[in-house]
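A.B. asks: Have a look; sequence and predicted model below, questions after that.
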Amino acid sequence: MTSENQYFDVDFEGFSPINMHGLLYSPFDEKKSPLILANEIDEKLISNVKFNNHIINYLLKLKEEEPLKLTQKGNLPRKFCMEFLKDNFTENSSKTYIEKHPIMKEEDSFYIRLINILTGLAGFTKKVQGKKSLTKKCNKLLAFESSYQIYRNIFLTYIRKFNWGYSDLYPEASIIQKGFGFLIFLVQKYGDKPKESEFYSNKFLRAFPITINEFSDNPYFTGKDQYKKCYYIRTFDRFLYRFGLIDIEKKGKFPSEQRFIMKKDLLDILIKWKF
């Protein structure tokens, strides 16, 4: 029994098996999980999160044009997409790039597609007879200028309802998404100083070695190489960075460049722990 407890203490960074089970499968259940998500936060702390600001801008634009008539496929019309992206370009694209490469349809922009999906899953928008409009829930939050509550809703939606593997072409590997809380704990613990993303992906793999079974070798990359790339994209680039919880410093000019992760103050304010 002692050796088993020591095994879990080492691999789970001090979490007991019971704590870890709750964190993986009931992360926001106060009785089962040690994770605590803040109910309220100073609105000023959220004001610099570009992704949240873009979501609010999207909702406000939709409010101006509601009910917005959708395309025959049920997508946002091109004009709406172009006008939105003109002032709300993504974290990975410059305004100049977007102006030179205008989109022809919603599917041409992963970013606006993502915002459209998330706001729908969060219950902020609704579709009726081929037209899109805001829900009462959303209008209430906008009326009270509750930017953190919008952030909190989208954060929970991203974790609970959105598939992190959407469009990245890697295997499902759902444990990466289920293990978001463990990653947050790791970054809070070690993120005061810059550390390579591989430092965290290795620790995650040590805790959940079965994850590697999802990734097979191919003529270009080993399974472990694919796992590390997938882990970086899903957890750091498209989750923690997007929600304003970390900074990423890149060194090198190639896809294999080093990426150093450092936590931001918001991470420790947003998530706390009880054991």
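C.D. replies: Great, that's in hand. Numbering: from 1, shown residues only.
A.B. asks: So Lys250: helix, strand or coil?
C.D. replies: Here Lys250 is strand, with the state taken from DSSP: H, G, I helix; E, B strand; the rest coil.
A.B. asks: Show me what it is bridged to.
C.D. replies: Listed by DSSP bridges, the beta-bridge partners for Lys250 are Arg259.
A.B. asks: Could you report the separation of it from Ser133?
C.D. replies: 40 Å (Cβ to Cβ, to the nearest Å). From N, CA and C alone the C-beta is placed, and that goes for glycine too.
A.B. asks: Same check on Asn163?
C.D. replies: According to Cβ to Cβ, Asn163 and Ser133 sit 25 Å apart.
A.B. asks: So for the two, which sits in the more crowded spot?
C.D. replies: Ser133 (16 against 11; other Cβ atoms under 10 Å).
A.B. asks: per-residue pLDDT, that one?
C.D. replies: Looking at Ser133, its pLDDT reads 97.
A.B. asks: Quick one: neighbours of the closest residue to it other than its chain neighbours, just the number.
C.D. replies: Closest residue to Ser133 apart from its sequence neighbours, by Cβ to Cβ, 6 or more residues apart in numbering: Glu66 at 3.9 Å. Per other Cβ under 10 Å, the neighbour tally for Glu66 reads 15.
A.B. asks: Next up, the contacts around Glu66.
C.D. replies: Going by Cβ atoms under 8 Å, 6 or more residues apart in numbering, Glu66 touches 131-134.
A.B. asks: Rebuild the residues you listed as a markdown table, extending it with secondary structure.
C.D. replies: Converted to a markdown table, the contacts of Glu66 look like this (three-state DSSP):
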| residue | secondary structure |
| --- | --- |
| Lys131 | strand |
| Lys132 | strand |
| Ser133 | strand |
| Leu134 | strand |
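A.B. asks: Give me the PyMOL select line for those, limited to the buried ones.
C.D. replies: To isolate the buried ones among the contacts of Glu66 in PyMOL, judged by 16 or more other Cβ atoms under 10 Å, type:
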select buried, resi 132+133+134
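A.B. asks: Go through the contacts of Glu66 and say which is closest to Phe221.
C.D. replies: Closest approach to Phe221 among the contacts of Glu66 (Cβ to Cβ): Lys132, at 40.2 Å.
A.B. asks: so the closest one bridges to which residues?
C.D. replies: Counting by DSSP bridges, Lys132 is bridged to Leu68, Lys127.
A.B. asks: Contacts only, for it.
C.D. replies: So Lys132 contacts 62, 66-68, 70, 76, 125-126 (Cβ under 8 Å, 6+ apart).
A.B. asks: Then Leu267?
C.D. replies: If a contact means Cβ under 8 Å, 6+ apart, then Leu267 has 184, 187-188, 191, 240, 245-246 as its contacts.
A.B. asks: what's the spacing between the closest residue to Ile210 other than its chain neighbours and Pro27?
C.D. replies: Nearest non-adjacent residue to Ile210, counting by Cβ to Cβ, 6+ apart: Ile175, 7.4 Å away. Using Cβ to Cβ, Ile175 is found at 13 Å from Pro27.
A.B. asks: neighbour-wise, which of the two wins?
C.D. replies: Just comparing Ile175 and Pro27: by other Cβ under 10 Å the higher neighbour count belongs to Pro27, 21 against 15.
A.B. asks: surely that one meets His21?
C.D. replies: No - counting by Cβ atoms under 8 Å, Pro27 does not reach His21; the two are 10.6 Å apart.
A.B. asks: Would you quantify the distance from the residue nearest to Ser133 to Met82?
C.D. replies: Distance from Glu66 to Met82, by Cβ to Cβ: 18 Å.
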